[in-house]
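> Make a model of this:
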Amino acid sequence: MSLVPYPAPLPTLEAVKRLVLDAVSSPSTRTMYGKALDDFFRWREEQGSPAFSRAAVQAHRAALEAHGYAPSTINQRLAAIKKLAREAAANGLLDSGVAAGIHQVPGVKQQGTRAGNWLTRTQAEALINAPDAATLKGKRDRALLALLLGCGLRRGEAVALTAGHIQQRDGRWVIVDLRGKHGRLRTIAVPAWVKQAVDLWCAASEISNGRVLRSLNRHRQVTGDSLSPQAVLAVAVYYGEQLGLRLRPHDLRRTCAKLCRSGGGELEQIQLMLGHASIQTTERYLGTRQNLADAPNDRLGLRWNEPNPEEEA
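Numbering: from 1, shown residues only. Here you go, the predicted structure:
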């Protein structure tokens, strides 16, 4: 097979981009890869379209560092570019030796350990009580925050949640076979207070099938059949600011893990609940099996203040 003359032209690389994105199962990763490749193509064009080579990728990495991107962000972007090189080589559009050189571009080392951000139990309880439960939007936002905080969902998982996912197993309510990062499936126990928040929202919005979380218009009426991940971010930021906190959706997932652990939850069960990449290794070495009857997120100890029915009337 004859190869496209080195270097591969930019339009050819853009065509390979679709192959890269089609090979990614996670919606969030697909979005990130798409942005990373678009930014790389733009940078490459600004530099006069140099050869797609190890040297060009190293120069792009240096440019990202100069712009102050975090090491984790730079490494994610490099992963997308390396995948582009592999797909280009696999389709006869780039010399395999050039692709190997790009794959060997080192990532940026993380100095120290990021502590991350999480809430105390008091802050977490204040957060789930922040939405106005007397309004439709408040009921939806409370259900959303409860799913993020009580079940440790990623925002992409929260918006993908359907009524059919919520079923009974081992005598309790669980989220069954939720597809998470890299297409991995897991089942998550649902604490009673989270189930109640979801039920109140679904009853008020008359949702019995399809996506659980839906968009609302400016008149606070359900208009869509889904909710965007960006809207989830906006909800977390909004209620975080009300409490004087800089909050992001993943902080609630981290908070769930922290409070489960401090409440006595087993580390292995928390890993199972969150669906971390290393869980298969954990199961193989420890023989751990998920305990849905005594789930770690039952120990969160959170509750919200129900409005007085007479006041709502």
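> how about low-confidence regions in this structure?
Applying pLDDT under 70 to the chain flags residues 1-11, 111-116, 278-290, 307-313.
> which residue is nearest the middle of it?
Arg154 (3.9 Å; CA atoms, centre = their mean).
> Leu252 is in contact with that one, correct?
No: applying CB atoms under 8 Å as the test, Arg154 and Leu252 come out as separate, 9.9 Å apart. In this view, the C-beta of every residue, glycine as well, is placed from N, C-alpha and C.
> Now do the helices in this structure.
Taking DSSP state H to define them, one finds helices in the chain at 10-22, 27-46, 54-66, 71-90, 96-103, 121-129, 136-151, 155-160, 192-205, 229-242, 249-262, 267-274, 279-286, 309-312.
> Thr31 versus Val24, what's the distance?
As judged by CB to CB, to the nearest Å, Val24 and Thr31 stand 9 Å apart.
> ok, those two, which is more surrounded?
Val24 (18 against 14; other CB atoms under 10 Å).
> Quick check: the gap between that one and Arg86.
On the measure of CB to CB, Val24 and Arg86 end up 13 Å apart.
> for Ala295, same thing?
Per CB to CB, Ala295 is found 40 Å from Arg86.
> do Ala204 as well
On the measure of CB to CB, Ala204 and Arg86 end up 49 Å apart.
> re the thing from before, for Ala295 and Arg86, indicate the residue with more neighbours.
Ranked by neighbour count (other CB under 10 Å), Ala295 and Arg86 place Ala295 first, with 23 against 20.
> The residue nearest to the more buried one when sequence neighbours are not counted: what's it in contact with?
Of all residues not flanking Ala295 in the chain, Ala189 sits nearest, at 3.2 Å (CB to CB, 6 or more residues apart in numbering). If you count contacts by CB atoms under 8 Å, 6 or more residues apart in numbering, Ala189 has them with 151, 172-174, 273, 292, 295, 297-298.
> Swap in 6 Å and give it another go.
By CB atoms under 6 Å, 6 or more residues apart in numbering, the contact set of Ala189 is 174, 292, 295.
> now Asp225
Counting by CB under 6 Å, 6+ apart, Asp225 makes contact with 210-211.
> could you redo the last one with a cut-off of 7 Å?
Counting by CB atoms under 7 Å, 6 or more residues apart in numbering, Asp225 touches 210-211, 214.
> And Gly156, by the same measure?
Contacts of Gly156 (CB under 7 Å, 6+ apart): 27-28, 229.
> just Arg246 next, same as before
Gly240.
> ok, what's across the strand from Leu216?
Under the criterion DSSP bridges, Leu216 forms beta bridges with Val222.
> so it makes contact with Lys139?
No: the criterion here is CB atoms under 7 Å, and Leu216 misses it with Lys139 at 10.4 Å.
> Where is the longest strand in the protein?
With secondary structure taken from DSSP state E, the chain has its longest strand at strand 172-179.
> Neighbouring strands of that one in the sheet, and parallel or not?
Strand 172-179 has the following strand partners under DSSP bridges: strand 166-169 (antiparallel), strand 185-189 (antiparallel).
> Which of those sits closest to Ala70?
strand 185-189 (27.5 Å; CB to CB).
> what is the orientation angle of that closest one with helix 136-151?
On the basis of axes from the mean of the first three to the mean of the last three CA atoms, to 10 degrees, strand 185-189 is oriented at 100 degrees to helix 136-151.
> tell me the angle strand 185-189 makes with helix 267-274.
Counting by the same axes, to 10 degrees, strand 185-189 lies at 110 degrees to helix 267-274.
> quick check: angle from strand 185-189 to helix 192-205?
Using the same axes, to 10 degrees: strand 185-189 against helix 192-205 is 100 degrees.
> on that earlier part again, so between Leu216 and Lys139, which is more surrounded?
Taking other CB under 10 Å, Leu216 and Lys139 do not tie; Lys139 has more neighbours (22 against 18).
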